[in-house]
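Asker: When you get a sec, could you give me coordinates for this:
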Amino acid sequence: MKQIYEYYLLVAPFLGFSYWIVNYFFKKNKANVILTAVIVSYIFFSTNYENFGLSFDPYRLTHRFIGVVAILLFGFYLLKNKNYRIISTEITLYVFFGMAIVFSYVGNEININHYLHYARNYFYVGAIALLFCYMIDSLEKLNEVFVFYINSLIILSPGILLGLSSIGWHRESLFFSNPNYLAYIFLPAIAYLLFSKIKYKSIIFLIFSLSIFTTGSRSAVAALTLIIFVYLIYKFNIRITLKIILTYILILFCLFIFLTQISIKTISGTYRVLDNTINFSRIVSSLLAANMFIENPINGIGYGQFRTKFHLYMTEDIRNLNNSEFNEASLSWDPELDDKFFIDKQGRNVEKMTHNDFVSIIAETGIIGLIFLFIYFYIVLKKVKEIMIKNREIYFMSICLILPTVLFSFFHNNMNSFMFWLILYIPIIFHRILYEKK
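Answerer: Here you go, the predicted model:
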């Protein structure tokens, strides 16, 4: 069974690509073929480093090629049709955060490799998300894109189930860099699936939910629970309590994920901190980000710089929290310590992440990034409110799509994914389809 699992990991990308071919040649879809190519690339190629013994990674190379083609096509469409105003809201947000990234360079000592890597990645994935916004101008096209996305995940799911049956219960990641990111790709699909008219959606929902559970991602499970809860409110028409209950659930999940296992009562009756838990490390990273913001309030410490600058903001109070992960990582940057000290530890110049997109924005881009967040959420809340007037189902679908992504990003760095930005733009797409005259 394990051998079958390993074989499936090898053939899954070919199955995904074959489905794209079939979808292109045998179905008369209105959605542009490049959109579905991007989806196949995102699911099967983007983090797949299988090289078949070659000196390069063919999947990664294909992923980059598809992305570049998508961006070039987007530029071509804009220049040819000269109707960029169609997505003026998304472009404004894209440029605004891009400027926050550029200004974060000013006056800071920058690790140029990390800065260029993350800046380039933002403009790359953001432009691909804009292409989707530009091409999807009807509910029919949006449905075709999501149906293709769901069907692609159906192709991926057997690999997860095979891993479960052959290896036993473990944190499945397939060819993804992290189990959490494997879990995340199912969240938008489940959110859309619940509102769709896809056949056998109950069975698909159970398969996708099981796939999330096999990753062991608590944040994804919390987001899944949130999707189900919002859908039940929609289905059973409990609108009056929506805001109160959603706020309560979000607070409850945040407290649970942050505080679970931080403190335990010992036999002596005292409390100690479990400093080896990832949750406590997230709290420490948030405290470090607060110090960064206080010292660099205008434009932050520089985009993508937390991972190499965190040790500069380790105050005595933070060290006294005794979080071994960050304490040892910060010591790895101390030039006065002998190399022998690091033999049994993580090594020299250990880098750390915030595990929170919004903390990263505040720490690395300062007030400018914070203004971007305020503007974005103001626009989205306004759009969602107006969507409710036109279409109650799409209103709840928008909430089911965007809230889990926001919740997930409170516990992971997910901004490098084009799906993150596309989902953030979804309410704007819905609003444009519902309100703009054809």
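Asker: And what about the nearest residue to Arg307 once chain neighbours are set aside, helix, strand or coil?
Answerer: If the residues on either side of it in the chain are set aside, Arg307 comes closest to Glu351, at 4.0 Å by CB to CB, 6 or more residues apart in numbering. Just so you know, the C-beta spots here come from the backbone N, C-alpha and C atoms, and that holds for glycine as well. Remark: Glu351 carries the secondary structure label coil [criterion: DSSP: H, G, I helix; E, B strand; the rest coil].
Asker: Settle this for me: Glu351 is touching Gln305, isn't it.
Answerer: No. With contact defined as CB atoms under 8 Å, Glu351 does not count as touching Gln305 (10.5 Å).
Asker: quick one: which of those two has more around it?
Answerer: A side-by-side neighbour count of Glu351 and Gln305, using other CB atoms under 10 Å, places Gln305 first with 25 against 16.
Asker: The more buried one and Lys199: what is the separation?
Answerer: As defined by CB to CB, to the nearest Å, Gln305 lies at a distance of 49 Å from Lys199.
Asker: Show me what counts as buried in the helix or strand hosting Thr92.
Answerer: Secondary-structure assignment from DSSP states H and E places Thr92 in helix 88-103. Buried residues in helix 88-103, counted by 16 or more other CB atoms under 10 Å: Thr89, Glu90, Ile91, Leu93, Tyr94, Phe97, Gly98, Ala100, Ile101, Phe103.
Asker: and the gap between the third one and Asn32?
Answerer: Counting by CB to CB, the separation of Ile91 from Asn32 is 18 Å.
Asker: Quick one: the strands in the stretch 301-438 of the chain, in order.
Answerer: In order along the chain, the stretch 301-438 of the chain carries no strands (DSSP state E, counting those that start in this stretch).
Asker: Tell me where the model's unsure across it.
Answerer: Applying pLDDT under 70 to the stretch 301-438 of the chain picks out residues 338-346, 437-438.
Asker: How about the stretch 101-250 of the chain?
Answerer: Residue ranges of the stretch 101-250 of the chain with pLDDT under 70: 166, 168-169, 237-250.
Asker: If we use 50, what do you get?
Answerer: Under the criterion of pLDDT under 50, none of the stretch 101-250 of the chain is flagged as low confidence.
Asker: and the spatially closest residue to Arg392 that is not a sequence neighbour, how many residues sit next to it?
Answerer: Leaving aside its sequence neighbours, Arg392 sits nearest to Tyr234 (CB to CB, 6+ apart; 7.5 Å). The burial metric for Tyr234, expressed as a neighbour count using other CB under 10 Å, is 20.
Asker: Repeat that for Ala223.
Answerer: Residues near Ala223, counting by other CB under 10 Å, number 29.
Asker: for Ile228, same thing?
Answerer: When neighbours are defined as other CB under 10 Å, Ile228 has 16 of them.
Asker: and if you look at Asn299?
Answerer: The local packing count at Asn299 equals 22, with neighbours defined by other CB under 10 Å.
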